[in-house]
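Asker: With the input below, show me the fold.
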Amino acid sequence: MNSSNHTSVTDKLPLITGLGQRLTDVWVRGERDYDTWFAEDFDEGDADDWRRAGFTASEAAAWVGADATFGASSNGARITMASAWIVAGFSPEAASAWDDLLAHHDAAERPMLAREWVASGLSLGTARAWIEREDVTTAVILENNGWVPWQRDMLDVLLGLPGTDDPQRLELIASGFAPGHLLDYVRAGVDPREFGWWERLRRQGQDVDDLLCTMEGQREWSYDIAFRLDWILDSAAGSPAAPHLRRPSILGKPDPYAFHHEYQYGELSDLPGPKLIETWRENGGVPVRWGFDEWSTGGCPEDYAYEPRFDWTDEQEQGVREALEAVYGDEETSVVISWPPEGSLWTEGHASSSEAEGCFEHEEFRATCESCRPAPAHQVEMAEWHWYVDVDLITHLEDEERDEFMEHAHVLTSSIDPRCVEYSEVALR
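Answerer: Predicted structure coming up:
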């Protein structure tokens, strides 16, 4: 006989002792007394059914109150479900917790599935991260290899949302590479056969992040994939387990420094536009709002907009002056301009967007569900700043100089995403 299956009398002593304490005459009479069952809200028929199945009144009441038997259609079905959970080794409280996690499985399968998860070394806490989409085997691999759910989700999006039993997916998850490193390689389009070579470079202390970032930037993603990846990056940005998010997310975000400049004079087409030094929010020491909306109490957007803090250079001043001299100057007339230019928010622009949508199965959008729909791309009408200089003409006559104001000249148009225009809470003009 296999000694591993043998149970000695010594092993049985605690059970026998407990049974002896329970099987007293008073206890037996109490359990057979319907008043004991009536006190737990059972009628005679239900009490008989539970008692024949081996339950005491208090045990039966605990299982009736447990969520794990909530879906039973009859008292007999409830007894069957409770018995299955007991055979699987769970108390009513533990059964209810696991039943909730396994709600996406048939109720009859849940007790043994829960037992399988526990036997594999996964607790309620660790199983919770994986149980909705993974089987036990894959969940153990994910947990043992240091994955977190957002990393798994990113891998699935990068692979085109494969089934959970997809061989390539399983091979990558079980590869043993650190999840962050593996995601770097997949995002950059590295051939899986070269992952080991990149790992060797890392072990040698080589900084490969910049090269991987360049390779990733050369890839073209569909809007659908880009949106899903961006969604995952945003949700994981505050996670302590997100060391590989230094690179910007794939979808373009409004950039307050991304001005597009267009000079109004053809001679200046090659002249670089001014650069933004800093935003008002970064170093202005003033309250800043974005978007001209219901908070305003009158006036127009131009009255509230903070003028962008540009670095106007001597080269730009010289170029603008020469362009205006070509228009207004001659042998007897020189041109003087005010500097730096004065800005005016010519149009506030507009950005429209709609929300991502869930599907028939998910109330809210999930990046890893193919049926959930990303939000459509933003429709953006750029805001425009117009920049002006005062033009004065100095006419040189034989015996005098005549100073004449000529024009408040529009010399430059600067376009920016309207979500980057900074506004004051009170009118500035």
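Asker: When you work out contacts or count neighbours from here on, use the C-alpha atoms and nothing else.
Answerer: Will do.
Asker: Excluding its own residues, what touches stretch 285-293? List them.
Answerer: Stretch 285-293 is contacted from outside by 280-281, 301, 348, 418-425, using C-alpha atoms under 8 Å, 6 or more residues apart in numbering.
Asker: ok, so of those, who is nearest Thr80?
Answerer: For these, the closest approach to Thr80 (C-alpha to C-alpha) belongs to Arg419, at 60.1 Å.
Asker: Can you classify the closest one as helix, strand or coil?
Answerer: Counting by DSSP: H, G, I helix; E, B strand; the rest coil, the backbone at Arg419 sits in helix.
Asker: Please give me every residue in contact with it.
Answerer: If a contact means C-alpha under 8 Å, 6+ apart, then Arg419 has 254, 290-291, 351 as its contacts.
Asker: just Asp43 next, same as before
Answerer: Neighbouring residues of Asp43 by C-alpha under 8 Å, 6+ apart: Trp37.
Asker: separation between it and Arg78?
Answerer: Distance, Asp43 to Arg78, using C-alpha to C-alpha, to the nearest Å: 15 Å.
Asker: Highest neighbour count among the contacts of Arg419?
Answerer: Comparing the contacts of Arg419 by number of neighbours (other C-alpha atoms under 10 Å), Gly291 comes first, having 18 neighbours.
Asker: how near is that one to Arg202?
Answerer: Relative to Arg202, Gly291 is positioned 45 Å away (C-alpha to C-alpha).
Asker: what's the answer for Ala226, then?
Answerer: Shown here: Ala226 relative to Arg202, a distance of 27 Å by C-alpha to C-alpha.
Asker: more neighbours, the two?
Answerer: Each of Ala226 and Arg202 has its neighbours counted (other C-alpha under 10 Å); Ala226 has more, 19 against 14.
Asker: Just give me how far the helix or strand where the more buried one lies sits from the chain centre.
Answerer: Under the criterion DSSP states H and E, the helix or strand holding Ala226 is helix 223-236. Relative to its parent chain, helix 223-236 has a centroid offset of 7 Å by C-alpha atoms, centre = their mean, to the nearest Å.
Asker: go on, stretch 376-396?
Answerer: Computed by C-alpha atoms, centre = their mean, the separation of stretch 376-396 from the middle of its chain amounts to 37 Å.
Asker: So which bits of it are buried?
Answerer: 381-395 (16 or more other C-alpha atoms under 10 Å).
Asker: just those residues now: which is nearest Pro162?
Answerer: Ranking the buried residues of stretch 376-396 by separation from Pro162, with C-alpha to C-alpha as the measure, puts Glu381 on top at 37.2 Å.
Asker: tell me the contacts of Trp98?
Answerer: Contacts for Trp98 were tallied using C-alpha under 8 Å, 6+ apart; they are 110, 114, 124.
Asker: what's the neighbour count on the second one?
Answerer: Ala114: 27 surrounding residues under other C-alpha under 10 Å.
Asker: Just the mean pLDDT for stretch 265-274, thanks.
Answerer: In this model, stretch 265-274 has a mean pLDDT of 91.
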